[in-house]
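>>> structural data only, the sequence is not supplied:
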Ligand SMILES: NC(=O)c1ccc[n+]([C@@H]2O[C@H](COP(=O)([O-])OP(=O)(O)OC[C@H]3O[C@@H](n4cnc5c(N)ncnc54)[C@H](OP(=O)(O)O)[C@@H]3O)[C@@H](O)[C@H]2O)c1
């Protein structure tokens with residue numbers, strides 16, 4: 001039995017689907033049975049639990065060969081790091097009390113820092129808490145910048161005629177499709193080779209700037225002149241709040257983009273075949289971004 005947290009989410013649903021496709025038993029954890037239905041239709045056991053509830057997670061982790069753990073973002077929280085710490089406390093407590101031997105944990109580049117990296121501080125704290133559990137073998141997948149972060153650009157392009165954000169236009173980011181993270185996680189849940197604790201960076205197929213992102217998106221949506229505009233933090237913060245994010249989460253996100261812009265938060269390893277993954281940004285745009293863009297146009 002493999003247990004997957006965030007099973008209806010970007011990475012979790014790929015982890016769960018991958019394992020089910022290989023004929024494995026999967027316990028899919030989430031708050032909402034309807035969101036887990038596509039996985040239960042493929043044979044998963046749905047387990048309704050809140051990731052802040054240590055007792056429920058300990059029950060979910062019972063009899064697990066390996067578990068996939070992650071901290072779901074809570075963008076409405078007025079204390080987002082407090083929330084992330086509640087989740088990591090619950091996960092660590094559940095791993096300990098269920099006696100879980102093998103854990104694959106979703107983390108991020110920059111998780112070596114204990115402060116100054118916004119939401120990634122919550123992932124640093126998760127790593128530290130799991131490090132203290134001697135009986136558990138843990139693989140930390142320190143992922144690069146999700147390609148899915150570009151999806152809100154659908155609105156920016158419609159409203160401003162440009163791709164916009166707080167990151168420097170010349171900043172190269174290791175951009176990764178979440179499906180690639182899910183597939184690596186599934187492989188490592190099935191074949192846990194780690195003894196003790198290990199980190200592995202996942203850097204996607206290539207490093208891209210937001211200028212590159214705009215060029216690739218522009219080509220795909222028939223706007224070859226599409227440009228990237230760097231927006232001042234204060235302006236971007238008010239856009240995030242208008243989109244429904246708490247002011248506290250928006251400030252945390254801007255702390256992270258500041259750490260990326262300054263180079264404090266970056267990949268530590270040079271790119272290799274080990275830390276690269278197959279999905280190109282061009283494929284992501286064709287398969288995910290363009291349909292989202294067209295869907296919004298139709299709406
Ligand atoms: N964005 C980036 O560039 C980046 C880079 C590296 C690492 N990360 C990290 O990646 C993680 C996000 O991964 P993801 O995109 O796979 O997540 P996601 O798509 O946001 O999925 C999270 C899932 O968790 C479930 N969930 C939310 N709150 C919950 C709760 N309180 N209890 C139980 N389940 C809950 C949700 O499903 P239901 O609503 O159905 O419950 C949701 O489908 C974050 O920790 C982030 O810091 C992000």
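Thanks, I have it. Predicted model, so just to flag it, every value in this text is computed and none were measured. Residues are numbered from 1 along each chain as shown.

>>> contacts and neighbour counts: CA atoms only from here.
Fine.

>>> show me what from this structure comes close to the ligand.
6, 8-12, 30-32, 35, 49-51, 70-73, 107-108, 119-120, 143-146, 149 (Cα under 6 Å from any ligand atom).

>>> what's across from residue 106 in the sheet?
residue 141 (DSSP bridges).

>>> burial count for the closest residue to residue 171 other than its chain neighbours?
Computed as Cα to Cα, 6 or more residues apart in numbering, the closest residue to residue 171 that is not its neighbour in sequence is residue 209, at 5.2 Å. Neighbour count for residue 209, taken as other Cα atoms under 10 Å: 18.

>>> now swap in residue 22 and tell me
By other Cα under 10 Å, neighbour count at residue 22 equals 9.

>>> same check, this time on residue 282
What residue 282 shows, counting by other Cα under 10 Å, is a neighbour count of 15.

>>> my read is that it contacts residue 216, right?
Yes: Residue 282 lies in contact with residue 216 (Cα atoms under 8 Å); the separation is 6.5 Å.

>>> mind listing the strands for the protein?
2-4, 26-30, 45-48, 66-69, 102-108, 137-143, 145-146, 163-165, 173-176, 197-202, 206-208, 228-230 (DSSP state E).

>>> buried deepest among these, which one?
strand 2-4 (a mean of 29; mean count of other Cα atoms under 10 Å).

>>> parallel or antiparallel, which strands does it pair with?
Counting by DSSP bridges, the strands paired with strand 2-4 are strand 26-30 (parallel), strand 66-69 (parallel).

>>> the helices in the stretch 101-250 of the chain, which residues?
All helices of the stretch 101-250 of the chain, identified by DSSP state H, counting those that start in this stretch, fall at 120-131, 153-160, 178-190, 210-220, 233-242, 247-262.

>>> okay, the angle between the fourth one and helix 153-160?
Taking axes from the mean of the first three to the mean of the last three Cα atoms, to 10 degrees, one finds helix 210-220 and helix 153-160 inclined to each other by 80 degrees.

>>> and stretch 214-232, end to end?
18 Å (Cα to Cα, to the nearest Å).

>>> state the phi and psi torsions of residue 63.
phi 70, psi 10 (degrees, to the nearest 10).

>>> neighbours of it, just the number please.
13.

>>> from memory it sits against residue 26, does it?
No: the pair residue 63 / residue 26 is not scored as a contact, 11.3 Å apart, by Cα under 8 Å.

>>> what's the overlap in contacts for these two?
residue 1 (Cα atoms under 8 Å, 6 or more residues apart in numbering).

>>> now stretch 35-49: buried residues?
By neighbour count on 16 or more other Cα atoms under 10 Å, the buried set for stretch 35-49 is 36-37, 39-40, 43-49.

>>> again, but for stretch 206-222
Result for stretch 206-222 [16+ other Cα under 10 Å]: buried residues 206-218.

>>> do stretch 230-241 as well
Buried-residue list, stretch 230-241, by 16+ other Cα under 10 Å: 230, 233, 236-237, 240-241.

>>> residue 247 reaches residue 241, doesn't it?
Yes: Residue 247 is within contact range of residue 241, at 6.0 Å (criterion: Cα under 8 Å).

>>> as TSV, the buried residues of stretch 35-49 with pLDDT would be great.
Shown next, in TSV, are the buried residues of stretch 35-49 (pLDDT from 0 to 100):
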residue	pLDDT
36	98
37	98
39	98
40	98
43	98
44	98
45	98
46	98
47	98
48	98
49	98
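
>>> now for these: which two are most distant?
In terms of Cα to Cα, those reach their longest pairwise distance at 43 and 49, which sit 18.6 Å apart.

>>> in CSV: the helices of the stretch 101-250 of the chain, plus mean pLDDT.
Shown next, in CSV, are the helices of the stretch 101-250 of the chain (pLDDT from 0 to 100):
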stretch, mean pLDDT
helix 120-131, 98
helix 153-160, 94
helix 178-190, 98
helix 210-220, 98
helix 233-242, 96
helix 247-262, 98
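
>>> since that was my last question, I'll sign off now.
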